[in-house]
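# Fold the stuff below for me.
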Amino acid sequence: MDPDSIEGWASRHQGTGFAVVGLGGAGAEAVVDLIGLGSPGVHTYAINTDARHLKMIRTEERILIGERQLRGRGSGGNRSAVVEAAADGCDAVIQELSKFEMVFLLAGLGGGTGSALLPYVASRLRKTDALPIPVAFLPFQVEIDTNVERRENVDRALSELETMGGLLLAMSNEKLRRFEALPLSRVFRVRNAYVHALVTSLVDMVENPSQLNVDLSSLKAHLAGSGLSTLLYSEYHISEPERLVHQAMTEGLLDFTLTDRPSALIHLDGGSNLTLRTLDRVIRSMRERLGEPDRLLFGTRIRPEPREVVRLTAVVGGLKARTVRDAVEPTDGIPMVAP
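Predicted coordinates:
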């Protein structure tokens, strides 16, 4: 193949793909659910300090860290010990993950391993060409109200993640109470299915060309000027664009508040019957919800066949995460969910 042909240039810029990494027990189990739901082209990893738990996880790669310090027995909630172990033995892991274009990092906060590794790995990857996307599972409120150590682990991890800026998906287990009649195992599968939708919609947005294109370079440029950001997703009938936006903004499992300087990158994926009027209604609705954002960019992908359902993927920046600190102190942000 001629390297200077269209095909040659296209193959050069396909990149090396995407990875989903489970950090600690909860993160690794979430990745297993994502594998079951199907994630073609996405490489999967599990990283833990607990050898017995890691042995049960079926991902493409399983990595045990802290053998010298923790002897494969887990962290026992000791976040400091995991930070020390990571600093001592994660160079090869970072080098391996840095070859990917986007790396989704999934971890439950509260325990020692996930709370330590999520900000550590994200921070190291920020210094490479890879785009790290931390996905933090926040504990149920009773867990942090009754366990000082877990509360401190969550607080420290979120403080470090917020300071980095960029994309942060904070998923509150408290929001799973709407499914409280379901068996607990199914409740966590619902959460992980939502994560799967977020991951696949973002990968699809940047990987596949659109009529109004939003590629990885566009995403990185938008994030560079947007501070702390999050990812929204929804699918709804083409006849109700405002409902599509309402669903994305209010019915997900992400826990965030807006500051007074938001921004948004919006991508619509629809069929040949997607009209300019529908696109306009979505953009107007997003602007109203965000309170006239500083910057609003958009893209669209038109499929060759008609579709009754439209998919919205939106990267919303200028956010303040509602952390455990805000659980005991009034927030000064603007609620994303309108009263």
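
# This structure - how does it break down into domains?
Domain assignment of the chain by automatic domain parsing yields the ranges 16-201, 210-321.

# What mean pLDDT does the shortest one get?
Looking back up the chat, that one is domain 210-321. If you average the pLDDT over domain 210-321, you get 90.

# what ranges do the strands span in the stretch 101-250 of the chain?
Taking DSSP state E, counting those that start in this stretch as the test, the strands found in the stretch 101-250 of the chain are 102-108, 131-138, 166-167, 169-172, 228-237.

# Single out the most deeply packed of those strands.
strand 102-108 (a mean of 27; mean count of other CB atoms under 10 Å). (Each C-beta comes from the backbone N, C-alpha and C, glycine too.)

# Export only the CA atoms of that one, formatted as PDB.
Presented in PDB, the C-alpha positions along strand 102-108 are these (Å, rounded to 0.1, in the frame of the first residue of the first chain):
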ATOM      1  CA  MET A 102      -8.500   6.500  25.300                       C
ATOM      2  CA  VAL A 103      -8.300   4.600  28.600                       C
ATOM      3  CA  PHE A 104     -11.400   4.200  30.700                       C
ATOM      4  CA  LEU A 105     -10.400   3.600  34.400                       C
ATOM      5  CA  LEU A 106     -13.100   2.000  36.500                       C
ATOM      6  CA  ALA A 107     -12.800   1.900  40.300                       C
ATOM      7  CA  GLY A 108     -14.900   1.700  43.400                       C
END
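
# just checking, what packs against it?
strand 18-23, helix 24-37, helix 112-125, strand 131-138, helix 184-207 (3 or more CB pairs under 8 Å, 6 or more residues apart in numbering; DSSP states H and E).

# ok, back up a step: what about the strands of the stretch 101-250 of the chain, which gets the closest to Gln69?
Closest to Gln69 of the strands of the stretch 101-250 of the chain is strand 102-108 (CB to CB; 19.0 Å).

# what about the closest one, average pLDDT?
97.

# Check the offset of it from the chain's centre.
In terms of CA atoms, centre = their mean, to the nearest Å, the centre of strand 102-108 is found 7 Å from the chain centre.

# Provide the backbone phi and psi angles at Ser226.
The phi and psi values for Ser226, taken as degrees, to the nearest 10, are phi -120, psi 0.

# Measure how buried it is and give me the count.
24 (other CB atoms under 10 Å).

# now do Ala193
14.

# still on that earlier bit, deepest-packed of the domains of the chain, please.
The most buried one of those (mean count of other CB under 10 Å) is domain 16-201, showing a mean of 19.

# just to revisit the earlier point, need the strands of the stretch 101-250 of the chain in CSV with distance to Ala19, can you?
Below are the strands of the stretch 101-250 of the chain laid out as CSV (distance: least, CB to CB, whole Å):
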stretch, distance to Ala19
strand 102-108, 5
strand 131-138, 10
strand 166-167, 15
strand 169-172, 15
strand 228-237, 16
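
# do you know which of those lies nearest Asp50?
With CB to CB as the measure, strand 102-108 is the member of the strands of the stretch 101-250 of the chain nearest Asp50 (12.8 Å).

# So what are the sheet partners of that closest one and their directions?
Strand pairing for strand 102-108, determined by DSSP bridges: strand 18-23 (parallel), strand 131-138 (parallel).
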